[in-house]
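Enquirer: Could you work out the structure for the sequence below:
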Amino acid sequence: MNFRRAPALPFLGHGVGLRVPHYERALAGALEVDWVEVISENFFGGGGRPRAVLEAVRRDRPLVFHGVSLGVGSLGPPDAGYLRRLRALARDFEPAWISDHVCWTRFEGRQSHELLPLPFSEEALAVAVDNTQRVQDALGRPLVLENASSYVQHAASQLTEWEFLAELAVRSGCSLLLDLNNVVVSAFNHGFSPDDYLAGLPPGKVVQFHLANHSQYAHHKFDDHRGPVPEAVWTLYEEALRRFGPVSSLVEWDEDIPEWEQLVAERDEAERRAERVLGIAAQRARGEPGTNLGHEVLGPRLSVAPAPRGASGPAAPELEASQRLLVAALTWPRGVGDWAATDPSACRELGQRFAAGDADPIERLELYANAYFYRQLDALRGVFPRLARLAGDVAFHDLVTDYVLECPSRDPDLRLRGDRLPEFVRAHPLGRETPLLADLAELELALAGALDAPDAEALARIDLARLAAGDWARLELALVPSARIVRASYDLERVARLCDAGELARALEAPRVDTGPSETGRPRAASVLVSRREHRVCFRVLDEREGLALARIGEGARFDAVCEVLGAHGAEPATILAWLERWLDDGVLRRPFER
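Expert: Residues are numbered from 1 along each chain as shown. Next up is the predicted model:
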């Protein structure tokens, strides 16, 4: 698609970033804001409560997708699978626009899940322009890119950050999301003027503001989006309004998320200041696609003729060298300082490539190294809360450390970071000492997957009532995508109940389901059914034969084949029918025509 000319993006008014604690409010249609921004990757699952949230929001107000994984400054073309998921999501919900960050996030297939800083060089600019154009071509729409906060600078930089952003926007045809908190953070850390930053950006390219908070330390500011917008950011917001005019604003609050009313109060403050500075009434966009205030967001696609693009993008040897060095430093198990101490030549190169003003660049790089690990730790704790409690803070921290080192992330979607954790726990010394932990990890991974698995219409009793008696045998059964069967050697219902009650010692003492051998000679294991009903995920331990039946259904067996297997194991017809009724009530069977 050619982005030389495109319609102006709409002015949406003043909104907030929607996070998990306020999903129920969104489902109830009670969002008292002009528009909402969501994290794109949190909605890749295809169904369940997350998708219902998007459907509810989109009915009432404009929606924007904001990603954290594109990494347009990463070497090589963007992740094709990620772009397919993002494009499908955009096709289904038609956001007002899609945004991400000017940074790099991956190296040689390894995902950092961090917004890592680029050198502001012609070489890095060529890579970012190429990747931005590839993303826009794949999505079939222009992209909006945000300035990231930073803690170190590259010695290879030839441009200021604002010059780099301006060139990127003009050459690629993208628009800009100006995070004013990030400007304040980076200006303090690197000693430049926020006013110079604003003056260096082309007004027609800025289509959105982010407003957020940061933490202040002795020698640096840290971007954590925790707390109300500080006065320094509000002051810069007013200056930005004077330069760029009416621009859609959004309040971000990602840590210690407050009550909805406090978020709305921050949004209201943004609206009041915009009205005072611009002398106009805020134009609301509830239920409308937005009011076009004349932002000319797409000028010429390139200011100069683009160089031919190869399959792997522009050559960038210096950028590759700096990214390889940074990956080695950030992923060292004992921190950047220890890594630098082990290799004097690498330490010298680090000092030659990175600077932090009067501060030690190694100390600043530790901020990225800590964020790299703790972001993954927090994500895994969110998916495996009972495992974390049962293992204990120290043991879980050490387990995740080993996991991050031995199983680096390969998928840009951080929600999938734990896909290999159950098998890792089973082989880990912690899991060998306490086998229950691996079973619990299997269950929690299944629960997380069921939460947002694709929706499917479940088989209902009325569907069976319509079948002729002779058609029952030929009924092709299948499980809905959110239904999962987990095999476990422990009574996980009891373990979870004790864990939730804080009785961790008793949970750890749970006996195996059956220590006797099965027909195969192996210890018996119980089947656990994970299911989802009305956005609620639950599970129950199955009778051995019921578990066998559902396993066969999961393989696509017809009803007569399931009955034959169960009959061979001594199940009476009345028992089979009782199980069938329970499966219908659980909503785990998919309608045959919905396969």
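
Enquirer: how much space between the nearest residue to Thr434 once chain neighbours are set aside and Leu387?
Expert: Nearest residue to Thr434, sequence neighbours excluded (C-beta to C-beta, 6 or more residues apart in numbering): Leu508, at 6.7 Å. (Each C-beta comes from the backbone N, C-alpha and C, glycine too.) Applying C-beta to C-beta, to the nearest Å, the value for Leu508 to Leu387 is 12 Å.

Enquirer: Looking at those two, which one has more neighbours?
Expert: Remark: of Leu508 and Leu387, Leu387 carries more neighbours, 27 against 15, as counted by other C-beta atoms under 10 Å.

Enquirer: what's the least confident helix or strand in the chain, going by average pLDDT?
Expert: helix 461-465 (a mean of 80; mean pLDDT, DSSP states H and E).

Enquirer: buried residues in that helix?
Expert: Using 16 or more other C-beta atoms under 10 Å as the burial criterion, the residues of helix 461-465 that qualify are Asp463, Leu464.

Enquirer: going on from it, what's the next piece of helix or strand?
Expert: With elements assigned by DSSP states H and E, the helix or strand that comes after helix 461-465 is strand 484-488.

Enquirer: how far off strand 484-488 does the next helix-or-strand element following that following strand point, in degrees?
Expert: Scanning forward in sequence from strand 484-488 by DSSP H and E, the next helix or strand is helix 492-500. With axes from the mean of the first three to the mean of the last three C-alpha atoms, to 10 degrees applied, the angle from helix 492-500 to strand 484-488 works out at 80 degrees.

Enquirer: which helices and strands does the next helix or strand after helix 492-500 pack with?
Expert: Counting by DSSP H and E, the next helix or strand C-terminal to helix 492-500 is helix 504-508. The elements that helix 504-508 packs onto, with contact taken as 3 or more C-beta pairs under 8 Å, 6 or more residues apart in numbering; DSSP states H and E, are helix 385-391, helix 492-500.

Enquirer: buried residues in helix 504-508?
Expert: Ala507.

Enquirer: in the helix or strand just after that helix, what's buried?
Expert: Next along the chain after helix 504-508, taking DSSP H and E as the criterion, comes strand 526-533. For strand 526-533, the neighbour count (16+ other C-beta under 10 Å) marks Ala526, Ser527, Val528, Leu529, Val530, Ser531, Arg532 as buried.

Enquirer: tell me the domain ranges of the chain?
Expert: Under the assignment automatic domain parsing, the domains of the chain span 14-278, 317-444, 456-487+525-594.

Enquirer: between these, which has the poorest average model confidence?
Expert: Within the domains of the chain, confidence is poorest for domain 456-487+525-594, with a mean of 87 (mean pLDDT).

Enquirer: can you give me how far that one is from the chain middle?
Expert: Relative to its chain's centre, domain 456-487+525-594 lies at 33 Å (C-alpha atoms, centre = their mean, to the nearest Å).

Enquirer: With stretch 121-141 instead?
Expert: Worked out by C-alpha atoms, centre = their mean, stretch 121-141 lies 21 Å from the chain centre.

Enquirer: Can we start the residue count at 459 from this point?
Expert: Let's use 459 as the start, then, which means that last one is stretch 579-599.

Enquirer: Show me what the longest helix along the chain is in contact with.
Expert: In terms of residue count, the longest helix belonging to the chain (DSSP state H) is helix 819-841. For helix 819-841, contacts defined as C-beta atoms under 8 Å, 6 or more residues apart in numbering pick out 570-572, 574, 609-610, 647, 678, 680, 784, 787-790, 793-795, 798, 808-809, 812-814, 846, 854-855, 858-859, 861-862, 867, 872-873, 875-876, 879, 902-903, 906.

Enquirer: Against Leu888, how distant is Phe1017?
Expert: Distance from Phe1017 to Leu888, by C-beta to C-beta: 43 Å.

Enquirer: Ok, Arg942 next?
Expert: 24 Å.

Enquirer: and what of Leu838?
Expert: 14 Å.

Enquirer: quick one, which of those two is more surrounded?
Expert: Leu838 (23 against 18).

Enquirer: What residues of stretch 1034-1045 count as buried?
Expert: Applying 16+ other C-beta under 10 Å to stretch 1034-1045 flags Ile1034, Trp1037, Leu1038, Trp1041, Leu1042, Asp1044, Gly1045 as buried.
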